[in-house]
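Chemist: sequence and predicted model, in that order:
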Amino acid sequence: MNYQCPFCGGEFSADNGVESVMCPHCNEEVQLVPTEEPLVPEEVPQQPQRPVGVFEVGPSGKSRGVAGLLAIFLGMCGAHYFYLGKTKPAVINIVASLLCLLMPVVKIADLIIGIRMLMATQEEFEERYVYNDSIYPF
Ligand SMILES: [Zn+2]
């Protein structure tokens, strides 16, 4: 590495890591300032994509766990549709519940939907139930 003597201006070379050296031109002791290492920006570790937990809220703002449990336990009130912001299917579901004695299969449908919500991935849940206007999406 080459240095310039601050006393006589003469150039000389010195090994890396040497702190001071006698100038070969004027015999003055020259303090060698180590060149600073360029700042390397700290690497930000990439967060690995991890699946959204059952009761965690996904990109749609809805949790499939909550929707599924509402469907299973409060499906008769259309609770899972209200949770998903789907008023029309919710109302239809309530009417269907009033006819429940005539159509028990409708209530089984809520149960199945709830279980399927719980078993789906967040992506499947959002595609199939949140962004789908059908009343009984399977
Ligand atoms: Zn010198």
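Modeler: Perfect, thanks for sending it. Numbering: from 1, shown residues only.

Chemist: rest of the way, CA atoms for contacts and neighbours
Modeler: Fine.

Chemist: which strands and helices sit next to the helix or strand bottoming out on mean pLDDT in the chain?
Modeler: None of the helices or strands of the chain scores lower by mean pLDDT, DSSP states H and E than helix 104-119, at a mean of 81. Secondary-structure packing of helix 104-119 (3 or more CA pairs under 8 Å, 6 or more residues apart in numbering; DSSP states H and E): helix 64-74, helix 87-98.

Chemist: show me what the longest one is packed up against.
Modeler: Going back to what we said before, that points to helix 87-98. In this structure, helix 87-98 makes packing contacts with helix 79-83, helix 104-119, judged by 3+ CA pairs under 8 Å, 6+ apart.

Chemist: can you list the residues of the protein near the ion?
Modeler: 5, 8, 23, 25-26 (CA under 5 Å from the ion).

Chemist: out of the residues you listed, which one sits closest to Gly114?
Modeler: Gly114 has its nearest neighbour among these in Cys5, at 81.0 Å by CA to CA.

Chemist: please report how far the closest residue to the closest one other than its chain neighbours lies from Phe82.
Modeler: The shortest distance from Cys5 to any non-neighbouring residue, by CA to CA, 6 or more residues apart in numbering, is to Glu11 (6.1 Å). Separation of Glu11 from Phe82 (CA to CA, to the nearest Å): 81 Å.

Chemist: and what of Met76?
Modeler: For Met76, the distance to Phe82 - CA to CA - is 12 Å.

Chemist: need the phi and psi values for the residue nearest in space to the middle of the chain.
Modeler: Closest to where the C-alpha atoms of the chain average out (CA atoms, centre = their mean) is Gln49, at 6.3 Å. Torsion angles at Gln49 (phi, psi; degrees, to the nearest 10) stand at phi -60, psi 120.

Chemist: confirm for me that Val91 is in contact with Gly78.
Modeler: Yes - the pair Val91 / Gly78 is scored as a contact, 6.9 Å apart, by CA atoms under 8 Å.

Chemist: more neighbours, these two?
Modeler: Taking neighbours as other CA atoms under 10 Å, Val91 and Gly78 compare with Gly78 leading, 24 against 16.

Chemist: sweet, I'm off.
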